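Undergrad: Output the structure for:
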Amino acid sequence: QVQLVESGGGLVQAGGSLRLSCAASGRSFSPFRMGWFRQAPGKEREFVASIRWGTGGTVYADSVKGRFTISGDNVKFTMYLQMNSLKPEDTAVYFCAAGLHHNLDPYQGSNYNYWGQGTQVTVSS
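TA: Residues are numbered from 1 along each chain as shown. This next block holds a predicted model:
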């Protein structure tokens, strides 16, 4: 059984930074891609960023390009999201996800097989 556990959320002022972590555990866990999604109150879940595990190829939502950086540690099986220049509109619950299938579309949450429980990020103005 694969488990994903997020941490690092919190309250920060606009312009500040946070780093989210997603620790993965489980026998023979070998994802093709891992990603971050977020969901604000009253809104649908949206794609934030994704990384191809092993090769490190990344993709980002336009709304976070240049401000957020996704990375992964193959040894620790941990994924990170460094969030800089945070804005109030970044406020949401952030979820990490892992997808097993090759060449999955990284932007669609339905393509990911495992999800974490989420961590709250609140950016005050």
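
Undergrad: Give me the mean pLDDT for stretch 82-92.
TA: When pLDDT is averaged along stretch 82-92, the result is 98.

Undergrad: residues of that stretch that come out buried?
TA: Buried positions in stretch 82-92, judged by neighbour count with 16 or more other Cβ atoms under 10 Å: 83, 86, 90, 91, 92. In this view, the C-beta of every residue, glycine as well, is placed from N, C-alpha and C.

Undergrad: cool, stretch 64-76 as well?
TA: So, applying 16+ other Cβ under 10 Å, buried residues of stretch 64-76: 64, 68, 69, 70, 72.

Undergrad: Break down this protein into its strands, ranges please.
TA: 3-7, 10-13, 18-25, 33-39, 46-52, 58-60, 68-73, 78-83, 92-99, 114-115, 119-124 (DSSP state E).

Undergrad: Dump those to CSV, plus distance to residue 108.
TA: What follows is the strands of the chain, written out as CSV (distance: least, Cβ to Cβ, whole Å):
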stretch, distance to residue 108
strand 3-7, 18
strand 10-13, 28
strand 18-25, 18
strand 33-39, 10
strand 46-52, 8
strand 58-60, 12
strand 68-73, 17
strand 78-83, 18
strand 92-99, 9
strand 114-115, 13
strand 119-124, 22
